[in-house]
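S.K.: Build the 3D model from these lines:
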Amino acid sequence: MTETINSVAPSAGTASANGQFNPYQDHASALRFITCGSVDDGKSTLIGRLLVDTRAVLQDQLAGVTKSGETDLALLTDGLSAEREQGITIDVAYRYFNTDTRKFIIGDAPGHEQYTRNMVTAVSSADAAVVLVDATKLDWQNPDLALLPQTRRHSLLAHLLRVHSLVFAVNKLDAVADPAQAFANIRGALARFAHAADIRVAATIPVSALKGFNVVNQHAGWAGYRGPSLLQLLEQLPNTPADTDLPLALPVQWVEKFHDSAVTTQGRRVFWGRVATGAAQVGAAVQILPSGQLATVAQVIDHARAPKGVHAGLSAGITLDREVDVSRGDWIVAAPTSFAAAADDFDTPAISTAWLSQRTLTATVAWMDNEPLVPGRVYWALHGHRWVKAKAQRVVHRLNINTLAEEDATQLEPNAIGVVDFALQEAIPAASFTRSRALGSMILVDTASNATAAAVLVR
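M.R.: Below you'll find the predicted structure:
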């Protein structure tokens, strides 16, 4: 584990040439981050503090969460009536604010184990994760203290889901007798855990969400820490880079039809979707999966219908040079390329496939259903925009989140993380999640209850 405080400048487009904030900056430059961790670690209060201290909250909003002269910052994000009645976060709440240099999209993820699926949903699209650690819940006087299970679970999930930056925020240090000792011992425990799990940590920061220490403004020297505040660090964190250096892959989400068009030199349909990898360019040779048909890109338009090439992470409409059978759920990928084989292979041309379709997968599974995953059961799997039947063949092992050991298992219980072999009803262009987030991820859905059962990361 390497702990660094990033000095990366904000993404291009977040400020004008004179350094002033540009309200019309590209949406992609905004930093999407979530707060996660165990129950009552102060996640909602931290976000409330960020909103209040950056003046992103109107006076009438503050009045609505003030009782007897005291402001309950957590209520700024806990908007559901059940959340306010129980004092917990149930669903992910998104809030937006900006500073002079950057825009932010915050996701407040619930800490309870039974809402782990909500946390996974939020973290899957995040650029950064702020994992809160409540100092008052730990044996902070012990240098060998143990972390809470949800702290470990949420950190592991963020790591597995390829969150680009992970920050530990040690909260409620103002409520312990010796903040410096508590922070030193907790930071040591977090460092040992991150090293064992091979998690790269951007920074570990002591904060008090209630009092505002090191949240927006620095509280120099408090708890023996003299680094940047949480907000100062977030302003410097990079966005998750798009997979632009990989071959083209676009999952078709919608087919726009122009049957009455008089144009016969090319296809008369536009295939819309978000480019997952590579770039859509006019003249590119492509293949349609699963049919395997080949074609050439005749036209590319962006989300505003302007003709231009579109790279990964943005939406595009593609028209092909001829009529090809393409439906929602199909993939438009870079066509296979041929290359000369070795001399001892009689110089027979070989084919290199950009994205290989397969019917058997080994994947890391974050199980979220109330019923355990049992080998032999069949689930619906959503890959891109295509639904296929997936049969769980074997649980390879289960990850012990406390020891990080790979244990033998015959099933996965709710909120367990493990590795499972799957057999699919039909082949899909699945790739390793470490190579491509879009092609390497699926969700499983129970065929009877239609409940989301698991997040699946192809190995």
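S.K.: going forward, measure contacts between C-alpha atoms and count neighbours the same way
M.R.: Will do.
S.K.: Ala128 pairs with what?
M.R.: Beta-bridge pairing of Ala128 under DSSP bridges involves Phe33, Ser165.
S.K.: Go through stretch 218-230 and flag the buried ones.
M.R.: 218-219, 222-223, 225, 227-230 (16 or more other Cα atoms under 10 Å).
S.K.: For that stretch, what is the spacing between the initial and final residues?
M.R.: End-to-end distance of stretch 218-230 (Cα to Cα, to the nearest Å): 8 Å.
S.K.: Helices of the stretch 101-250 of the chain, start to end?
M.R.: With DSSP state H, counting those that start in this stretch as the criterion, the stretch 101-250 of the chain has helices at 116-123, 149-160, 179-197, 230-236.
S.K.: which stretch among these comes nearest Asn98?
M.R.: For the helices of the stretch 101-250 of the chain, proximity to Asn98 was assessed by Cα to Cα; helix 230-236 is nearest, at 9.7 Å.
S.K.: Please tell me how far that closest one is from the chain's geometric centre.
M.R.: Relative to its parent chain, helix 230-236 has a centroid offset of 19 Å by Cα atoms, centre = their mean, to the nearest Å.
S.K.: Please apply the same query to stretch 274-292.
M.R.: Distance, centroid of stretch 274-292 to centroid of chain: 24 Å (Cα atoms, centre = their mean).
S.K.: could you give the angle of whichever strand or helix holds Thr360 to helix 149-160?
M.R.: According to DSSP states H and E, Thr360 maps onto strand 358-367. Counting by axes from the mean of the first three to the mean of the last three Cα atoms, to 10 degrees, strand 358-367 points 150 degrees away from the direction of helix 149-160.
S.K.: Where does confidence bottom out across the buried residues of stretch 218-230?
M.R.: By pLDDT, His219 ranks lowest within the buried residues of stretch 218-230, coming in at 89.
S.K.: Let me know whether that one touches Ser208 as I believe.
M.R.: No. His219 lies out of contact with Ser208 (Cα atoms under 8 Å); the separation is 10.0 Å.
S.K.: which residue ranges form the strands in the stretch 301-450 of the chain?
M.R.: Listed in chain order, the strands of the stretch 301-450 of the chain (DSSP state E, counting those that start in this stretch) span 310-311, 315-320, 331-334, 337-340, 349-352, 358-367, 378-383, 386-399, 406-407, 417-428, 441-446.
S.K.: still on that earlier bit, can you tell me which of the helices of the stretch 101-250 of the chain comes nearest to Pro247?
M.R.: It is, among the helices of the stretch 101-250 of the chain and with distance given as Cα to Cα, helix 149-160, at 23.2 Å.
S.K.: mind listing what's buried in the closest one?
M.R.: Neighbour-count burial for helix 149-160, counted by 16+ other Cα under 10 Å, picks out 150-160.
S.K.: Any regions of the stretch 51-200 of the chain where pLDDT drops low?
M.R.: Across the stretch 51-200 of the chain, residues meeting the criterion (pLDDT under 70) sit at 57-92, 111-117.
S.K.: mind listing the strands for it?
M.R.: All strands of the stretch 51-200 of the chain, identified by DSSP E, counting those that start in this stretch, fall at 66-67, 70-71, 93-98, 103-108, 128-134, 165-171.
S.K.: CA atoms only for the strand holding Thr360, dumped as PDB, please.
M.R.: Output of strand 358-367 as PDB, limited to C-alpha atoms (Å, rounded to 0.1, in the frame of the first residue of the first chain):
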ATOM      1  CA  GLN A 358     -17.200 -16.400 -24.100                       C
ATOM      2  CA  ARG A 359     -19.800 -18.600 -22.400                       C
ATOM      3  CA  THR A 360     -17.900 -19.500 -19.300                       C
ATOM      4  CA  LEU A 361     -16.600 -17.000 -16.800                       C
ATOM      5  CA  THR A 362     -14.800 -16.800 -13.500                       C
ATOM      6  CA  ALA A 363     -15.800 -13.700 -11.600                       C
ATOM      7  CA  THR A 364     -15.500 -11.900  -8.200                       C
ATOM      8  CA  VAL A 365     -19.000 -11.700  -6.800                       C
ATOM      9  CA  ALA A 366     -20.300  -9.300  -4.200                       C
ATOM     10  CA  TRP A 367     -23.400 -11.100  -3.000                       C
END
